[in-house]
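K.L.:
fold the following.
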Amino acid sequence: MQGLVNFSNAIADGIAVLLPAACYLAACACFFFAAWTLRGLAYGNPAHRHRPWVVAVSLVLSGVFASFPGFLTMANVSAGTGLVASLTSYAPTAPGNAANVLGATPQQTVVNVVELFQRFFQMFGAACVFFAILRWRAIVNGRVQGSPLACGVQFVFGVLCINVLTVATGLVALFT
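P.N.:
Purely as a prediction, here's the structure:
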């Protein structure tokens, strides 16, 4: 069990390094897309004339993607994990001890297991939120067919994964 906890912690640390890089690349792509679209509209390119909101959405999402690692770090610190998501600093986290995973009750055992894998759930949830925003942008831009409601469901799932310990504790309290 300890090997699985160590492995999931290593995956979470890897996502914590790759996700900010992807966020900053997406921010740059959104900004350059907005600038290029404005340039095209100024010179009479009718590519996005029937969707004037595309430029504003891209500019707003550029700011969202640029500040996403900061929000993620604040969410992780407030959840008590100490996981830092940043391009400029790397702070590996120590995996939990799986030796005392069994609790006095089945509910406590579930909470202990969730605490062991909390970092992985948080980073996986953050990646889900990131990809939900990217997919929503592609739908709004008309590049991909799909439902914005599906992006909303994926976004909510990601937020629930980020707050997995709170959700698990609430569910345990609900069923006891």
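K.L.:
SS state for the residue nearest the centre of the chain?
P.N.:
Nearest residue to the geometric centre of the chain (Cα atoms, centre = their mean): residue 126, 1.7 Å. Three-state call for residue 126 (DSSP: H, G, I helix; E, B strand; the rest coil): helix.
K.L.:
do you have the helices of this structure handy? List them.
P.N.:
Secondary structure of the chain (DSSP state H): helices at 2-42, 53-79, 106-116, 118-141, 148-162, 164-174.
K.L.:
hmm, who's touching the third one?
P.N.:
Residues from elsewhere that reach helix 106-116 (Cβ atoms under 8 Å, 6 or more residues apart in numbering): 5, 95-96, 98, 100-103, 121, 164-165, 168-169, 172, 175-176. C-beta here means a position set from N, CA and C on the backbone, and glycine is covered the same way.
K.L.:
rewinding a little: just name the most buried of the helices of the chain.
P.N.:
Mean neighbours per residue, mean count of other Cβ atoms under 10 Å, is largest over the helices of the chain for helix 118-141, with a mean of 21.
K.L.:
kindly export that helix (C-alpha atoms) in CSV.
P.N.:
Only the C-alpha atoms of helix 118-141 are listed here, as CSV (Å, rounded to 0.1, in the frame of the first residue of the first chain):
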residue,chain,number,x,y,z
GLN,A,118,-5.5,13.6,-1.4
ARG,A,119,-2.7,15.1,-3.3
PHE,A,120,-3.4,13.0,-6.4
PHE,A,121,-7.1,13.8,-6.2
GLN,A,122,-6.4,17.5,-6.0
MET,A,123,-4.0,17.6,-8.9
PHE,A,124,-6.2,15.4,-11.0
GLY,A,125,-9.2,17.7,-10.2
ALA,A,126,-7.1,20.7,-11.2
ALA,A,127,-6.3,19.1,-14.5
CYS,A,128,-10.0,18.3,-15.0
VAL,A,129,-10.8,22.0,-14.4
PHE,A,130,-8.1,23.1,-16.8
PHE,A,131,-9.3,20.8,-19.5
ALA,A,132,-12.9,21.8,-18.9
ILE,A,133,-12.0,25.5,-19.4
LEU,A,134,-10.0,24.6,-22.6
ARG,A,135,-12.9,22.6,-24.0
TRP,A,136,-15.4,25.3,-23.2
ARG,A,137,-13.2,27.8,-25.0
ALA,A,138,-13.1,25.6,-28.1
ILE,A,139,-16.9,25.2,-28.0
VAL,A,140,-17.4,29.0,-27.7
ASN,A,141,-14.9,29.6,-30.5
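K.L.:
please state the offset of it from the chain centre?
P.N.:
5 Å (Cα atoms, centre = their mean, to the nearest Å).
K.L.:
ok, now stretch 1-18?
P.N.:
16 Å.
K.L.:
repeat that for stretch 19-31.
P.N.:
The answer for stretch 19-31 is 13 Å, by Cα atoms, centre = their mean.
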